[in-house]
Structures are given as structure tokens and as C-alpha cells.
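# dropping the sequence and predicted coords here.
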Amino acid sequence: NRSIVLASRPHGAPTGANFRIEQGPVPEPGAGQVLLRTVYLSLDPYMRGRMSDAPSYAPPVEVGGVMVGGTVSRVVASNHPDYAVGDWVLSANGWQDYALSDGRGLTRLGAAPEHPSYSLGLLGMPGFTAYMGLLDIGQPKAGETLVVAAATGPVGATVGQIGKLKGCRVVGVAGGAEKCRHAVEVLGFDACLDHHATDFAEQLAKACPDGIDIYYENVGGKVFDAVFPLLNTSARVPVCGIIAHYNDTELPAGPDRLPLLMGTVLRKRIRIQGFIIFDDYGHRYDEFYKDMSAWFAEGRIKYREEVVDGLENAPQAFIGLLEGHNFGKLVIRVGAD
Ligand code: NDP
């Protein structure tokens, strides 16, 4: 049983030295337990937060502890009356090959799910995040302009496509021409801009001639700076993530723009609201799942994954996620299904 543990806490961007791979025996299931073998491991930006011991909404991984993460697994041995060998489950076994469970926290995926790994993306936590943040906080209306960055990732791609279903004009922001082309040609966004362009702020202003009514905040940084002056009166800003800042070690150098921000929020009656998906919306999961699985089945929502083979490659893939090297939902294929 291989597991990847947190070797040390990063200062700034994580490096390979912050992780260590360990070998141990495959655990034996006790009475009432199942043994799960990981097939897919989800890599997500929040894991950067768990590597740090700064105060957060969830406790950190201890140094020497197995990295946390959502997994899709198969039952390989069972002493549990409700689970049979071969069953697929959604679990949170972290970065390792095998784990035991007494059934608590497992979600059944049936005997032969068509796309098992999608439960880690479009049909799971990231899709749910896109759905609730946009619909509940963003309150999209037909004809409004919606801007979303990380536009080809599982959250951003889904936000933009739901925005189109609701009749918005959707402007994506992504890293590079290929991602932008995908956002327009495959996901159906009205426009998509490369945030690396030196004239990105001017391009965004041109792409949003009527201003911005909803900015779904995934990144912060230069993207927020370019969006902020374009926000309309009564704009909504669901604050989902600020990935551009996850590796920051200090506050940015001045000038202090807090008075400008707060003054604008006041004058334009802008609503900025953060949320933590399962804490705030766990009770609405069924509503999401029903809508999203129907939209996906009808071909109204498209989904792209980037699957990397091998648990040993998880650290480098995760480091790359924070820098935009992934193109689609990043998943590690840990074991053969
Ligand atoms: P993605 O797969 O989209 O990966 C993150 C992407 O962020 C990268 O691929 C990169 O895309 C982009 N990015 C990284 N650095 C920068 C930067 N400096 N400026 C602009 N873009 C950058 O991730 P997810 O879809 O899983 O997550 C998106 C956001 O949602 C994250 O902030 C995450 O923390 C947040 N989140 C919040 C939840 C909540 O409950 N509040 C739940 C789930 C996710 P590109 O190359 O296109 O720039």
C-alpha cells in the first residue's frame, strides 16, 4: 500500500520536497469493514490550504499524515452487509492505494458507472460548487454579463455553461490560446481572454461593453484588478476561490486599495459573498445532482478531464494545478479499474 504524506509545510509554492511516498502493508478489513482500492484520486486547489497550518475552515493535514482527497474506489474485500466485492464508491481516502471503511461517508456509484471519475468533477464537488455559487449567490438573469476565470477547469467551465443556459453573455478568462479556444468552441462561451496578455485589462473592457453584472471569483490577482472597475451597479460577486494567492507568503506591497474597494462596493451596491460548498449548501446536493445529470445527459453541459497515470505523479500534477498546467479537471488514475 503506497501513500503520499505531507513531508513538510510549504513556504510559497509547494515543491516535490513537501511530499514523501511511503510503503506499508495492505490493511485487513475487520468486522463490519470494507477494503477499498483507489481507482481515481481527485486533485483540487483546496489541498494547498490543507498543507498549511494557517487558520482555515478545515483542519490541516499533520506533517507525516496522508494527504487528504476525494477518491473513487472499488470494494476489494467486504465484511459489510451492504457492500459487495466489485462495488464502486465515492469516498475520501486521500492520496493512497488502499483504505478501510465502515461504510460511513461512502456514496454508492453502482455496479458499473459509465464515467466513475466524473463524480470527482462535474457530477461531484466542483460541479456542485459551480451550480450553487452561480445560481444562489450570482443570481444570473438573461441578458446579463457574467465573467469567470479558470474557465476550462471543472468549476469555471461549469459556471460559464450554466450561465449560458440562463441566457447570460459569458466571458471566460483562461491561461493561453488553446484553453480560450476550447471555452468558446466547445463550452459555448461568447468570448474568452488570455490573462497572460499584456493588454488583458483593455481586452476585458472591450469584451464587456455593458459592464459586468456577475463576476464569479475563482482566482483574484490581476483578473480581479481588471474586473473591478467594470462591475455594474448591483453586481454580484460569489467568492469561490482566490487561487492566484494560495502561495502568497505576505500581503502585496501598497498602495492600500481597501478604501477604493469598499467605497466602490458602497456606491455601486455590489454584493460580495464567500461560500464553502458543503458547509453552506450540503442540504441542496440532490437538487444539484438532478439538474446537472440531466443537463449532462442531454448534451447541454460539456466536461473535460485531464487524467494523469500513477499515484507517484500526484505531487507534480498538484504543483502544476496551482500554475495552470492542467487543462480540465485534474484526476490521478491510481489503479486499474
Ligand atoms: P482548476 O482545475 O480550474 O485549476 C485551477 C486553475 O486556476 C488553473 O488551471 C489555472 O487556469 C487557474 N489559475 C492558477 N493561477 C492563476 C492566476 N494567478 N491567475 C489566473 N488564473 C490562475 O480548479 P477548480 O475548478 O477545481 O477550482 C477553481 C476555484 O474554485 C479555485 O479557486 C478553488 O479553490 C475554488 N473552489 C472553491 C470551493 C468552495 O467551496 N468555495 C470548492 C471548490 C473549488 P488557467 O491556466 O486557465 O489560468
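Received, thanks.

# ok, and the closest non-adjacent residue to H245?
G220 (5.1 Å; CB to CB, 6 or more residues apart in numbering). Every residue, glycine included, has its C-beta placed from N, CA and C.

# phi, psi of the one you found?
The phi and psi values for G220, taken as degrees, to the nearest 10, are phi 80, psi -150.

# how about it, what does it touch?
242-245 (CB atoms under 8 Å, 6 or more residues apart in numbering).

# could you do T158 as well?
T158 sits next to 122, 126-127, 130-131, 292, 301, 303 when contact means CB under 8 Å, 6+ apart.

# and for S3?
By CB under 8 Å, 6+ apart, the contact list for S3 reads 21-22, 24, 66, 94-97.

# out of those residues, which touch the ligand?
Filtering these for proximity to the ligand by CB under 6 Å from any ligand atom leaves nothing.

# got the residues you listed as CSV, with pLDDT columns?
Formatted as CSV, the contacts of S3 follow (pLDDT from 0 to 100):
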residue, pLDDT
I21, 98
E22, 98
G24, 96
V66, 98
G94, 98
W95, 98
Q96, 98
D97, 98
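
# which residues of the chain lie near the ligand?
So the chain meets the ligand at 44-46, 126, 129, 149-150, 152-156, 174-175, 179, 195, 218-219, 221, 223, 240-241, 243-244, 275-277, 321, 324, 326, 330 (CB under 6 Å from any ligand atom).

# narrow these to those that are buried.
44-46, 126, 129, 149-150, 152-156, 174-175, 179, 195, 218-219, 223, 240-241, 243-244, 277, 321, 324, 326, 330 (16 or more other CB atoms under 10 Å).

# taking the stretch 51-200 of the chain, what residue is nearest to the ligand?
Relative to the ligand, the nearest point of the stretch 51-200 of the chain is G153 (1.7 Å; CB to the nearest ligand atom).

# phi, psi of that residue?
Residue torsions, per degrees, to the nearest 10, at G153 are phi -80, psi 170.

# who's in contact with it?
So G153 contacts 126, 218, 326, 328-329 (CB under 8 Å, 6+ apart).

# can you tell me which of these are in helices?
Using DSSP state H, the subset of those located in helices is P126.

# can you lay out the contacts of G153 as TSV showing pLDDT?
What follows is the contacts of G153, written out as TSV (pLDDT from 0 to 100):
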residue	pLDDT
P126	98
N218	98
N326	98
G328	98
K329	98
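
# nearest to the ligand, of the contacts of G153?
N218 (4.0 Å).

# so what's the closest one up against?
148-150, 153, 155-156, 240-243.

# just the ones of the contacts of G153 in strands?
Members of the contacts of G153 lying in strands (criterion: DSSP state E): K329.

# out of the contacts of G153, who's nearest A7?
N326 (22.8 Å; CB to CB).

# the closest one against F318, yeah?
No. Using CB atoms under 8 Å, N326 makes no contact with F318, being 9.4 Å away.

# so where do the helices sit in the stretch 101-250 of the chain?
125-132, 154-165, 177-185, 200-207, 221-227 (DSSP state H, counting those that start in this stretch).

# can those go into a markdown table with extra columns for distance to Q33?
Conversion of those to a markdown table gives the following (distance: least, CB to CB, whole Å):
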| stretch | distance to Q33 |
| --- | --- |
| helix 125-132 | 25 |
| helix 154-165 | 31 |
| helix 177-185 | 43 |
| helix 200-207 | 52 |
| helix 221-227 | 45 |
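
# among these, which is nearest G138?
helix 154-165 (8.0 Å).

# for that closest one, C-alpha coordinates in PDB please.
Only the C-alpha atoms of helix 154-165 are listed here, as PDB (Å, rounded to 0.1, in the frame of the first residue of the first chain):
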ATOM      1  CA  PRO A 154     -14.200  22.000 -13.500                       C
ATOM      2  CA  VAL A 155     -15.700  24.900 -11.600                       C
ATOM      3  CA  GLY A 156     -15.200  27.700 -14.200                       C
ATOM      4  CA  ALA A 157     -16.300  25.600 -17.200                       C
ATOM      5  CA  THR A 158     -19.400  24.600 -15.500                       C
ATOM      6  CA  VAL A 159     -20.200  28.200 -14.200                       C
ATOM      7  CA  GLY A 160     -19.900  29.500 -17.800                       C
ATOM      8  CA  GLN A 161     -22.100  26.800 -19.300                       C
ATOM      9  CA  ILE A 162     -24.800  27.300 -16.600                       C
ATOM     10  CA  GLY A 163     -24.600  31.000 -17.300                       C
ATOM     11  CA  LYS A 164     -25.300  30.300 -21.000                       C
ATOM     12  CA  LEU A 165     -28.300  28.100 -20.000                       C
END
